[in-house]
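Undergrad: return a 3D structure for these sequence lines:
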Amino acid sequence: MLLSISRRSRRFVIALAAPVALLLAACDSRGGASGDGASGGGTIIIAVAADADFLMPALAQQLVSKGIIDQMFEPLALPPASLQTVGDQGYEPRLAKSWSWSADSLQIAFSLDPRARWHDGKPVTAEDVRYSVEVNKDPVVMSRQLAGLSMVDSVSVRDSLTPVLWFSARSPEQFFSVVNNLTVMPSHLLKDIPHDKLRESEYAQRPVGNGRYRLRRWVKGSLIELVADSTNFRGRPRVDRQIWSISPDPATLWARLVAEEADVVEILRGEAVQKVAESKTARLVPYQGFDFGFSMFNNMDPANRRRPHPILSDRGVRRALAMAVDRPTIVKNLFDTLAYVGIGPVVRAQWTADTTIGGLPYDTTGAKRLLDSLGWRDADGNGVREKGGRALAFGIIVPSSSATRRQAAILLQAAWKGIGADVSIEDMEFNTYVTRMEAGKFDVTMHALHPDPSPTDAAATFATPKPPAPWGTNYAAYSNTVVDAAFDSARVEFDAARSKALYHRAYTTIIEDAAAIFLYEPKMVAGIHKRIDPGVLPKAGWWLNLGDWTIAPDQRIARDRIPIGADIQAGRAAGPGDSATST
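TA: Next comes the predicted model:
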């Protein structure tokens with residue numbers, strides 16, 4: 001599965017790979033491969049449905065990019081397994097070995113680990129932290145980390161290892177917002193590049209990180225190879241090499257796993273679950289997910305973002321379209337029993353989730369009646385409603401990498417045809433899809449997100465940006481002052497009950513406005529080769545502990561013994577016929 005990050009925070013755009021509930025009960029619950037797993041070595045091939053966009057943290061938009069970046073860069077601190085977003089209790093030191101607060105809680109001083117080094121050997125410094133905050137807060141960069149750092153006023157450098165972050169106000173999630181949204185980048189390599197030129201820089205494609213894996217090569221459209229950093233201050237990772245192997249046809253991912261051409265497929269659906277369950281070399285691994293999928297209506301004209309959408313800016317039209325959709329039936333069609341019906345711009349794992357909010361009622365008669373009242377009528381009897389000489393016609397954009405979203409778009413098309421709408425579907429390559437969405441050049445988008453644990457994440461998609469900031473990840477330019485006020489108040493509310501009530505007000509208003517139709521929240525199940533012990537997959541991201549996965553020496557196969565310096569293509573060593581060019 002691929003994703004989008006948030007707040008402009010850490011939420012990422014998903015390219016989901018394309019039922020059988022009983023199979024989950026039969027999943028292998030063993031810890032993993034036999035042996036003590038203490039020895040390093042081995043290769044893990046991760047089959048993904050689309051390529052990364054950027055590997056520079058401030059620029060990355062896609063979930064596959066985030067998964068790779070998290071191997072190459074260390075955070076200041078890592079949230080606890082409980083995913084607590086209030087306060088700083090239980091956070092695990094990473095780049096920062098400790099931190100301290102000022103008496104008024106408006107400053108946090110981080111003490112960087114003096115052993116931390118960039119992959120070019122330079123030390124990680126306080127200036128790197130200062131530079132990284134500056135870059136991510138510059139609107140021209142369009143960083144997904146911008147909103148999560150909005151309360152950071154500035155960063156001062158007390159000494160080479162002590163950056164001090166200054167805040168405009170106290171916040172319940174002050175610490176979480178910083179460590180979750182700030183990926184530190186090397187100022188010594190980037191400080192001379194103008195912020196508006198970062199996307200064109202070599203670093204955007206070939207970054208130097210400070211994490212347990214280094215980038216070895218990126219063969220566009222084919223693979224991204226990471227190798228162990230043997231001198232990392234946190235210790236050498238247990239697996240020598242990761243290869244993120246791109247398979248543009250999601251239907252082939254499970255087949256590659258069963259054929260032992262790949263070791264990991266992060267999401268399995270439909271037939272793939274059955275095939276992997278029957279495999280002698282792979283097993284099913286269920287895990288807690290943070291993903292959800294929805295259709296989103298553009299409020300602005302795709303041809304001119306300064307004027308309202310001629311059809312979909314009307315709240316009544318959007319409500320009618322939402323009422324025409326039988327969400328439980330669509331989810332059953334797409335996933336059988338391996339997904340929940342969406343509950344809003346939030347997932348069940350987040351502490352503000354409320355499964356009682358629900359969506360607009362499924363009522364095709366009511367939808368038709370509402371469109372009639374708005375002046376949309378089928379005067380000529382051709383099955384398509386018109387108003388003022390304009391047909392009720394619009395398009396849906398969908399990424400070709402996601403069989404799930406393509407099928408969902410077909411089901412929506414049929415539902416909307418039933419109430420008199422002429423709907424086309426435009427299927428496109430994933431990176432093109434993201435570009436179109438970011439530019440607002442769509443009517444309806446089949447969107448999917450992987451939010452971070454904080455409930456403030458939803459504001460990145462549904463709150464009005466503060467001037468002069470652009471619409472950012474609010475691609476549909478949705479705006480409601482009630483939603484904005486609720487998000488703003490909840491963000492600074494220290495009382496959990498009152499905060500939860502404010503979030504519910506925002507969620508309910510978004511649903512009532514039909515800003516989007518929240519379709520599904522998948523129940524996650526990965527496929528992993530049986531020789532690999534992944535431990536417990538973290539809730540915040542299955543990839544976060546990849547450096548600690550193990551392959552016992554007596555379980556290793558041929559590619560596990562290939563030296564780090566040798567090329568691997570599709571699970572084999574590259575031969576004379578391989579002509580891929582690294583970029």
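Undergrad: the stretch 1-150 of the chain: helices as residue ranges?
TA: Here the stretch 1-150 of the chain has its helices, by DSSP state H, counting those that start in this stretch, at 21-25, 63-72, 126-137.
Undergrad: can you lay out the ones you listed as CSV showing mean pLDDT and distance to Val265?
TA: Every C-beta, even on glycine, is put in place using the N, C-alpha and C of the backbone. As requested, the helices of the stretch 1-150 of the chain are arranged in CSV below (pLDDT from 0 to 100; distance: least, Cβ to Cβ, whole Å):
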stretch, mean pLDDT, distance to Val265
helix 21-25, 35, 15
helix 63-72, 94, 13
helix 126-137, 97, 32
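Undergrad: between those helices, which gets nearest to Thr329?
TA: helix 21-25 (17.0 Å; Cβ to Cβ).
Undergrad: thinking again about what came up before, tell me which of the helices of the stretch 1-150 of the chain lies nearest to Pro553.
TA: Pro553 sits nearest to helix 63-72 of all these, at 22.8 Å, using Cβ to Cβ.
Undergrad: most neighbours per residue, which of the helices of the stretch 1-150 of the chain?
TA: Neighbour counts (mean count of other Cβ atoms under 10 Å) averaged over each of the helices of the stretch 1-150 of the chain peak at helix 63-72, with a mean of 25.
Undergrad: show me what that helix packs onto, helices and strands only.
TA: Other helices and strands packing on helix 63-72, by 3 or more Cβ pairs under 8 Å, 6 or more residues apart in numbering; DSSP states H and E, are strand 3-4, strand 12-14, strand 213-219, strand 223-228, strand 241-246.
Undergrad: any idea which of the ones you listed is most buried?
TA: Greatest average neighbour count among these goes to strand 12-14 (a mean of 30), per mean count of other Cβ under 10 Å.
Undergrad: and it, average pLDDT?
TA: For strand 12-14, mean pLDDT is 49.
Undergrad: so which of the helices of the stretch 1-150 of the chain comes closest to Ile108?
TA: Using Cβ to Cβ, the nearest of these to Ile108 is helix 126-137, at 10.9 Å.
Undergrad: which element is Leu370 on?
TA: helix 364-373 (DSSP states H and E).
Undergrad: so what's Glu426 closest to, chain neighbours aside?
TA: Nearest in space to Glu426, with sequence neighbours left out and distances taken as Cβ to Cβ, 6 or more residues apart in numbering, is Ile397 at 5.0 Å.
Undergrad: would you mind giving the secondary structure of the one you found?
TA: Recorded secondary structure, Ile397: strand (DSSP: H, G, I helix; E, B strand; the rest coil).
Undergrad: how far away is it from Gln413?
TA: Noted for Ile397: a distance of 12 Å to Gln413, by Cβ to Cβ, to the nearest Å.
Undergrad: so between these two, which is more surrounded?
TA: Shown here are Ile397 and Gln413; by other Cβ atoms under 10 Å, Ile397 has more neighbours (24 against 18).
Undergrad: mean pLDDT for the helices and strands packed on helix 63-72: which is lowest?
TA: Mean pLDDT per stretch puts strand 3-4 lowest among the helices and strands packed on helix 63-72, at a mean of 38.
Undergrad: who's in contact with Asp120?
TA: For Asp120, the contacting residues are Pro186, Leu189, Val208, by Cβ atoms under 8 Å, 6 or more residues apart in numbering.
Undergrad: quick one: pLDDT of it?
TA: 97.
Undergrad: what does it show for phi and psi?
TA: The phi and psi values for Asp120, taken as degrees, to the nearest 10, are phi -90, psi 10.
Undergrad: ok so, going back, can I get the helices and strands packed on helix 63-72 in JSON lines including distance to Ala367?
TA: Shown next, in JSON lines, are those (distance: least, Cβ to Cβ, whole Å):
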{"stretch": "strand 3-4", "distance to Ala367": "29"}
{"stretch": "strand 12-14", "distance to Ala367": "28"}
{"stretch": "strand 213-219", "distance to Ala367": "47"}
{"stretch": "strand 223-228", "distance to Ala367": "45"}
{"stretch": "strand 241-246", "distance to Ala367": "40"}
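Undergrad: Asp104 is nearest to which of those strands?
TA: strand 12-14 (34.3 Å).
Undergrad: and the contacts of the helix ranked longest in the chain?
TA: Longest helix in the chain, counting residues (DSSP state H): helix 496-512. Helix 496-512 is contacted from outside by 86, 172, 319, 344-346, 351-352, 354, 357-360, 455, 458-459, 462, 478, 480, 482-483, 486-487, 489-490, 493, 516, 518, using Cβ under 8 Å, 6+ apart.
Undergrad: and it, which residues are buried?
TA: Under the neighbour-count criterion of 16 or more other Cβ atoms under 10 Å, helix 496-512 has 499-512 buried.
Undergrad: ok, back up a step: so which of the contacts of helix 496-512 are in helices?
TA: Using DSSP H, the members of the contacts of helix 496-512 that fall in helices are Arg319, Ala459, Phe462, Val482, Val483, Ala486, Phe487, Ser489, Ala490.
Undergrad: out of those residues, who's the most crowded?
TA: So for the ones in helices among the contacts of helix 496-512 (other Cβ under 10 Å), the most neighbours sit at Ala459, 29 neighbours.
Undergrad: I figured it hits Leu146, correct?
TA: No - judged on Cβ atoms under 8 Å, Ala459 makes no contact with Leu146 at a distance of 11.8 Å.
Undergrad: please identify which pair of the ones in helices among the contacts of helix 496-512 lies farthest apart.
TA: It's Arg319 and Ser489 that sit farthest apart of those, by Cβ to Cβ, at 25.7 Å.
Undergrad: Thr435 - how many residues pack around it?
TA: Counted with other Cβ under 10 Å, Thr435 comes out at 14.
Undergrad: any idea how far it is from Phe442?
TA: In terms of Cβ to Cβ, Thr435 sits 11 Å off from Phe442.
Undergrad: just Ala486 next, same as before
TA: 27 Å.
Undergrad: could you do Gly381 as well?
TA: Counting by Cβ to Cβ, the gap from Gly381 to Phe442 is 30 Å.
Undergrad: what's the per-residue pLDDT of Ala255 here?
TA: Reported pLDDT for Ala255: 91.
Undergrad: now it. Nearest residue, chain neighbours left out?
TA: Closest to Ala255 by Cβ to Cβ, 6+ apart is Lys275, at 7.7 Å.
Undergrad: would Arg307 count as being in a strand?
TA: Yes - under three-state DSSP, Arg307 sits within a strand.
Undergrad: quick revisit: what's the first helix or strand after the helix holding Leu370?
TA: strand 386-387.
Undergrad: elements contacting that next one?
TA: Against strand 386-387 (3+ Cβ pairs under 8 Å, 6+ apart) you get no helix or strand.
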